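Q: quick one, fold the following:
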Amino acid sequence: MTKPKASKTAAPAASYTNDAIHLAFEPGSTPADVAATVARTLTLPQTNAAAVIENWQRDTHDVNVLAAELGRQVEAVNRGDLRRAEGMLIAQAHTLDSIFTNLARRATNQEYLKQWEAYMRMAMKAQNQCRMTLETLATIKNPPVVYAKQANINNGGQQQVNNGTAPTSTPASAHPQETAFQPNELLEDQRHGRTQLDARAKAAASRTHQDVETVGAVNRPAQR
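A: Numbering: from 1, shown residues only. Predicted coordinates for the structure are as follows:
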């Protein structure tokens, strides 16, 4: 007696529409409106991403449904929700680490230097990409703090000084102000109380070297 063969039911084929992007138009749209809608849709990030994913993974999804899902993720990021982006980065870091481990293990089984160097070079590239991915994730979780130094901005005669406190505005004067200079203590003569470099100042009389005084009119010679 022969046993009846078990019949296998074929899975229904999914009706994917990967050959076209659906567009919605308002009733009574003009050709200019249609052209604008097509241009706007084809330049959306989710549309381009869905087209690329569809080329890599053929017949596994509906490109229009994928574009709609990517659009919802874009809206979440615009609202400040970065949980999916953080999950993507950590998953990619683990994937790159797995690639590095696989290539490094293959390098140890190579007999010739050329093959060993090729595997190690690709392994270190994967390791560097893993490190950069983790740095990006750390930057998203803990953004750096920027400390701005003082900046002087002159807008139409209004001087604005920004140094971390409330900005102050001082109108530019029509006449330049005189600058007061403080005397330099190193140039002061402590003995006579005057500035050494001031040629116009008169010094007090001194009793030193009295024999070298001005010749009087009586003792002048007849011929010079």
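Q: tally up the residues packed near the residue nearest to residue 22 when sequence neighbours are not counted, please.
A: Once flanking residues are discounted, residue 22 sits nearest to residue 64: 5.0 Å by C-beta to C-beta, 6 or more residues apart in numbering. For every residue, glycine as well, the C-beta is placed using N, CA and C. The local packing of residue 64 (other C-beta atoms under 10 Å) involves 17 other residues.
Q: got a pLDDT number for residue 64?
A: pLDDT for residue 64: 89.
Q: helix or strand: which one has it?
A: helix 63-78 (DSSP states H and E).
Q: does residue 123 touch residue 107 like I think?
A: Yes. Using C-beta atoms under 8 Å, residue 123 is in contact with residue 107, at 6.4 Å.
Q: quick one: the helices in the chain?
A: Remark: helices assigned in the chain by DSSP state H are 31-42, 45-56, 63-78, 83-108, 113-141.
Q: quick one, domains of the chain?
A: As assigned by automatic domain parsing, the chain contains the domains 29-81, 82-141.
Q: which among the ones you listed is found nearest to residue 147?
A: Closest to residue 147 of the domains of the chain is domain 82-141 (C-beta to C-beta; 17.0 Å).
Q: now do the closest one, average pLDDT.
A: The pLDDT scores in domain 82-141 average 96.
Q: how about the helices of the chain in CSV, adding distance to residue 24?
A: CSV is the format used below for the helices of the chain (distance: least, C-beta to C-beta, whole Å):
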stretch, distance to residue 24
helix 31-42, 8
helix 45-56, 13
helix 63-78, 11
helix 83-108, 26
helix 113-141, 34
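Q: of all these, which lies closest to residue 223?
A: Across the helices of the chain, closest to residue 223 is helix 113-141 (C-beta to C-beta), at 96.1 Å.
Q: which strands or helices does that closest one pack on?
A: Using 3 or more C-beta pairs under 8 Å, 6 or more residues apart in numbering; DSSP states H and E, the elements in contact with helix 113-141 are helix 83-108.
Q: okay, angle between the helix it packs on and helix 113-141 too, please.
A: If you take axes from the mean of the first three to the mean of the last three C-alpha atoms, to 10 degrees, helix 83-108 sits at 160 degrees to helix 113-141.
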